[in-house]
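*Asks:* curious how this folds, go ahead:
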Amino acid sequence: MQTPSVKTGKGAGVEHLVTALVARRYYLDGQTKSQIADELGVSRFKVARILETAVRDGIVRISIDIPPEVDLDLSQKLEQRFGLRQVLVVRTEEDGTLDAMRRMLGRACASLLAGRLSGTDLLGVSWGRTLHALTDVLPPLPHAGVVQMVGSVPTADLNIHSLELVRRLSERTGGTTYPLYVPMILDHVDTAASLRAVDHVAATLNRFPDITCALVGIGAWQPDGSSVRAALPLPIVDHLDRAGAVADMCSTVLNADGDVIGADTLPPRCIAITTAQLRAIPDVIALAGGSGKTRAIAATARAGLIHRLITDTAAATALLDP
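*Replies:* All right, here's what the predicted structure looks like:
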């Protein structure tokens, strides 16, 4: 890349020196534009123009260190297609295993979280195999509380469950943990209502409105893609199948257009964050990959339930197909 030339001569040299001084104060010393303006006796807008000149003339060179495993082009295209705040598309091997893909998505999310969380955050967590892969690579995180957003979901893998995920995350943040020592799905609506009223359960549910950042998995509504679907009675599954279910997130089930379905069927028998509460969270980060999750990812994005997405090349390529 050609470096822009810089004017020489007495006047240009002084101008260059002032520009370099302003750039140093702003980019290296961390001063604000107002602080620099006060020091030099100029307006804040003058400082802003000087900084623009510094970049334009090559006095300041900004480079973006993009991890080699992230496909920036696909990431930007997905952001534009679905109007998401941020997408990270992780390059995965075509013949790689699902476990390998989940570990790579987990590493990408660990990096994002390390830079995203602060001590003022309350982190909400759903559950999923990819989220568990994240906990194996998490660095120490800022001192944030961790809230379990769904009760335990039955799974054949006893090492993967909501409580263990919350425990591992809270170890990395050192913050207060708000667990749910109850199942997510109950056989009867009355049983679910009774459990919600239990003190230790209500204490966690009452923290849902305070969640500032959430990690969620996305279930593909099919026999081998959704543990929620597998845990439900067959009449409810049949009802949601007929309604066009393609995705589940926490206690929310969606059709291909991103419309919520079964709102009067599933949530009443669940102990989990509601759709309205999920929508109120300022920053929802979803982890989901594999071509089998394509329709489910698209549905959650269309529903406006997620702000950031971490996925893989197979899912991203399928999502961008016309």
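
*Asks:* CA only for contacts and neighbour counts going forward, please
*Replies:* OK.

*Asks:* okay, now the residue nearest to residue 256 when sequence neighbours are not counted: neighbour count?
*Replies:* Distance criterion C-alpha to C-alpha, 6 or more residues apart in numbering; nearest residue to residue 256, sequence neighbours excluded, is residue 299 at 5.1 Å. Residues lying near residue 299 (other C-alpha atoms under 10 Å) number 25.

*Asks:* same check, this time on residue 286
*Replies:* Residue 286, neighbours per other C-alpha under 10 Å, totals 27.

*Asks:* put the alpha carbons of the helix or strand containing it into CSV.
*Replies:* In this structure, residue 286 sits in strand 284-287 according to DSSP states H and E. What follows is strand 284-287, C-alpha atoms only, in CSV (Å, rounded to 0.1, in the frame of the first residue of the first chain):
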residue,chain,number,x,y,z
VAL,A,284,-27.7,-11.5,23.1
ILE,A,285,-24.9,-13.6,21.7
ALA,A,286,-25.9,-16.8,19.9
LEU,A,287,-23.6,-19.7,19.2
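
*Asks:* what are the boundaries of the helices in this protein?
*Replies:* With helices called from DSSP state H, the chain shows them at 10-23, 33-40, 44-56, 72-82, 98-116, 129-135, 162-173, 189-196, 199-205, 227-231, 234-242, 275-279, 294-303, 313-320.

*Asks:* closest to residue 122 out of the ones you listed?
*Replies:* Closest of these to residue 122 is helix 162-173, at 10.4 Å (criterion: C-alpha to C-alpha).

*Asks:* chain center to that closest one, what's the gap?
*Replies:* 17 Å (C-alpha atoms, centre = their mean, to the nearest Å).

*Asks:* and that helix, what's its mean pLDDT?
*Replies:* The average of the pLDDT scores along helix 162-173 is 85.

*Asks:* other residues contacting it?
*Replies:* 125-128, 131-132, 135, 138-148, 150-153, 176-177, 179-181 (C-alpha atoms under 8 Å, 6 or more residues apart in numbering).

*Asks:* quick one, what contacts residue 126?
*Replies:* 148, 149, 150, 162, 214, 215, 216, 217, 250.

*Asks:* switch those residues over to CSV; also include distance to residue 236 and neighbour count.
*Replies:* What follows is the contacts of residue 126, written out as CSV (distance: C-alpha to C-alpha, whole Å; neighbours: other C-alpha atoms under 10 Å):
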residue, distance to residue 236, neighbour count
148, 25, 28
149, 22, 32
150, 19, 28
162, 23, 26
214, 28, 24
215, 27, 21
216, 23, 22
217, 22, 21
250, 16, 25
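
*Asks:* can you tell me which two in these are farthest apart?
*Replies:* Most distant of these, by C-alpha to C-alpha, are 162 and 214, 13.8 Å apart.

*Asks:* which pLDDT does the model give the spatially most central residue of the chain?
*Replies:* Residue closest to the average C-alpha location in the chain (C-alpha atoms, centre = their mean): residue 285, at 1.4 Å. Here the pLDDT value assigned to residue 285 is 96.

*Asks:* report the separation between it and residue 74.
*Replies:* Relative to residue 74, residue 285 is positioned 18 Å away (C-alpha to C-alpha, to the nearest Å).

*Asks:* what do you get for residue 268?
*Replies:* 39 Å.

*Asks:* okay, now the unreliable bits of the stretch 201-322 of the chain?
*Replies:* Counting by pLDDT under 70, the stretch 201-322 of the chain contains low-confidence ranges at 322.

*Asks:* repeat that with 90
*Replies:* Along the stretch 201-322 of the chain, segments meeting pLDDT under 90 span 223-228, 230-231, 264-265, 290-291, 321-322.

*Asks:* ok, now the stretch 51-200 of the chain?
*Replies:* In the stretch 51-200 of the chain, residues with pLDDT under 90: 51-70, 92-119, 127-143, 152-172, 187.

*Asks:* the strand holding residue 286 pairs with which strands, parallel or anti?
*Replies:* As defined by DSSP bridges, the strand partners of strand 284-287 come to strand 213-217 (parallel), strand 308-312 (parallel).

*Asks:* and these: which comes nearest residue 81?
*Replies:* Comparing the strands paired with strand 284-287 under C-alpha to C-alpha, the one sitting nearest is strand 308-312, at 12.5 Å.
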